[in-house]
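>>> kindly generate the corresponding structure for this input.
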Amino acid sequence: MGSDGASVMVGRKTGVATQLKTVNPELINIHCVAHRLALASAQATDNIPYLRKFKDIMQQLFRFYQNSAVRMSGLKEIEAVFGGVSLKLKEISDTRWLSHEMAVTAVRRCLPSLITSLEREAADRNDATAAGLATFCKDPRFLCTISMLSDVLPHLCRLSKVFQKAQVDFTLVDPMVSSTQMTLLRMMENPGEFFSDLPNQIESLKEFGIRGGENDITAFKEGVFQKYLDNVVNNLHERFPDNNILEALTIFDPELMDKGDPTFYEAVHFQKLQVLAGHFKSITCYETVKEEFLSFRFLLAKEMMLDLTFQESLLKVATMEDLYPSLARYAQIALVLPMSTADCERSFSTMNRVKTNLRNRLSQNILNSLMTISIEGQSLGEFDFDSCVKYFGQIKRRKISS
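All right, here's what the predicted structure looks like:
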């Protein structure tokens, strides 16, 4: 069972998974990897006061311009004068997994225009909110935070995009998370492109009221930068603990089998079989599946799967019920493990796009049809509108008034 990790789903006493396990003790409860990554990233700022305030300010910036067409128009005019690309500020939301990077990128690219716009709003309209936001944006810590997140968030977003795919290879989850952790740890000693360029950025933005120097950068690095990266790395470690069942299912991975001597890792393989047999007791006992594997490992190493991926290997094994009934059942289970619930989340997003406030009277059947078209249908470029119109006309005789 895959879930978003909410307490109602995974609670120890009355959670859905707990109750289902009373019916089927062999149930595997998997917390969506994309949700885990989002939680690890979002909660990294919880014990850093300035970063919590930074998130609030980013929200205020978005609402300040989003709620006023006049302010947005003024910002675009200033961007045009500065010769920059006209960018729309993005809303930061912990439930929208890629929103943080897009919001930070937009602010970084239009920061001079943003400060100028806020100062003009404060001067021309005596807007206290604009004056306060301008003061915060001119704080060197704000620029340091923007630069830090511009270096860190792309690595987390790339990982998130992989985890949001329809088919996530669970053998790659731990290596990819570990690789991201190592990248962030190296960043502590050797900051990324944007943070390393902070002195030049501060110098170029002095005319817009940003004042700072090496002392400010050093203080930020010690008070925020190091703590934030530590939090992200530790959260990734805590949110992605080892799962012995998933680890045991890697027994079907051809890359973990010695081609020259399939018996080389025998002790490790037998240990994985013990884990699987101990959990899936309704399938078979350890001795039976061990006998199957003694024959199967030579086929895995030498004849069938030398050039196959892990997923392809599972598909092959899943069809061998006559030769290896127990191993085939294990492979079938591995193929349907829901590592990510991103598809479900996309359905909710689609529903919000289709059923807007102005279309709140849509019936259930029509809403379901429109969502199916949006999710599963062809793109506009591929859709055959002529055939659709002809089919619609053939369904029922319609009288078209002139």
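>>> ok, residue 233 - contacts?
Remark: with contacts taken as CB atoms under 8 Å, 6 or more residues apart in numbering, residue 233 is in contact with 181, 184, 185. Glycine gets a C-beta too; all of them are placed from N, C-alpha and C.
>>> where's the last one relative to residue 192, distance?
Just to be clear, that refers to residue 185. Separation of residue 185 from residue 192 (CB to CB, to the nearest Å): 13 Å.
>>> who's more crowded, those two?
Set side by side, residue 185 and residue 192 show more neighbours around residue 192, with 18 against 13, by other CB atoms under 10 Å.
>>> which non-adjacent residue is nearest that one?
The shortest distance from residue 192 to any non-neighbouring residue, by CB to CB, 6 or more residues apart in numbering, is to residue 151 (2.9 Å).
>>> okay, now the one you found: neighbour count?
Around residue 151 there are 18 other residues, counting by other CB under 10 Å.
>>> and it, which helix or strand is it part of?
helix 140-163 (DSSP states H and E).
>>> residue 132 now?
With elements delineated by DSSP H and E, residue 132 resides in helix 128-137, which encompasses its position.
>>> which SSE is residue 168 in?
Using DSSP H and E, residue 168 is not contained in any helix or strand.
>>> return the residues in contact with it.
Contacts of residue 168 (CB under 8 Å, 6+ apart): 33, 162, 339, 340.
>>> distance of the closest residue to residue 118 other than its chain neighbours from residue 59?
Beyond its immediate neighbours in the sequence, the residue positioned closest to residue 118 (CB to CB, 6+ apart) is residue 134, lying 3.7 Å away. Shown here: residue 134 relative to residue 59, a distance of 16 Å by CB to CB.
>>> looking at those two, which is more packed in?
More neighbours sit around residue 134 than around the other of residue 134 and residue 59, counting by other CB under 10 Å; the figures are 22 against 14.
>>> surely that one and residue 127 touch.
No. With contact defined as CB atoms under 8 Å, residue 134 does not count as touching residue 127 (9.7 Å).
>>> now do the helix holding residue 151 against helix 128-137, angle only.
80 degrees (axes from the mean of the first three to the mean of the last three CA atoms, to 10 degrees).
>>> show me what helix 140-163 is packed against.
Judged by 3 or more CB pairs under 8 Å, 6 or more residues apart in numbering; DSSP states H and E, helix 140-163 is in contact with helix 33-42, helix 49-66, helix 99-109, helix 173-189, helix 193-196, helix 198-204, helix 214-220, helix 226-239.
>>> report the contact partners of the closest residue to residue 265 other than its chain neighbours.
Distances taken as CB to CB, 6+ apart place residue 258 nearest to residue 265, at 6.3 Å, with adjacent residues excluded. Remark: with contacts taken as CB under 8 Å, 6+ apart, residue 258 is in contact with 264, 265, 301.
>>> how close does the residue nearest to residue 192 get to residue 288?
Using CB to CB, one gets 53 Å for the distance from residue 151 to residue 288.
>>> ok, now residue 266?
17 Å.
>>> now do residue 298
Relative to residue 288, and taking CB to CB, residue 298 is found at 18 Å.
>>> in the helix or strand hosting residue 365, which residues are buried?
When secondary structure is defined by DSSP H and E, residue 365 falls within helix 364-376. For helix 364-376, the buried set under the neighbour-count rule, 16 or more other CB atoms under 10 Å, comprises 370, 371.
>>> elements contacting that helix?
With contacts taken as 3+ CB pairs under 8 Å, 6+ apart, helix 364-376 sits against helix 342-354.
>>> for the helix it packs on, which positions count as buried?
Buried residues in helix 342-354 (16+ other CB under 10 Å): 342, 345, 350, 351, 354.
>>> the residue lying closest to the last one once chain neighbours are set aside and residue 364: what is the separation?
To tie it back to what came earlier, the one meant is residue 354. Using CB to CB, 6+ apart and skipping residues adjacent in sequence, the residue nearest residue 354 is residue 370, 5.0 Å away. Distance check for residue 370 against residue 364: by CB to CB, it reads 11 Å.
>>> what's the answer for residue 103, then?
Between residue 103 and residue 364 the distance, using CB to CB, works out to 35 Å.
>>> ok, residue 187 next?
With the distance defined as CB to CB, residue 187 ends up 49 Å from residue 364.
>>> same deal with residue 384?
From residue 384 over to residue 364 the distance is 28 Å, taken as CB to CB.
>>> residue 46 touches residue 52, doesn't it?
Yes. With contact defined as CB under 8 Å, residue 46 counts as touching residue 52 (7.2 Å).
>>> contact partners for the most centrally placed residue in the chain?
Residue closest to the mean C-alpha point of the chain, counted by CA atoms, centre = their mean, is residue 160 at 2.8 Å. With contact set as CB under 8 Å, 6+ apart, residue 160 has these partners: 34, 37, 38, 97, 98.
>>> leaving out sequence neighbours, find the closest residue to the last one.
Going back to what we said before, that points to residue 98. Distances taken as CB to CB, 6+ apart put residue 157 closest to residue 98, at 5.5 Å, once the chain neighbours are dropped.
>>> neighbours around the one you found, how many?
As a burial measure, residue 157 scores 18 neighbours (other CB under 10 Å).
>>> go on, residue 337?
Residue 337, neighbours per other CB under 10 Å, totals 15.
>>> any weak-confidence spans in the chain?
Judged against pLDDT under 70, the low-scoring parts of the chain cover residues 84-86, 97, 302-306, 398-402.
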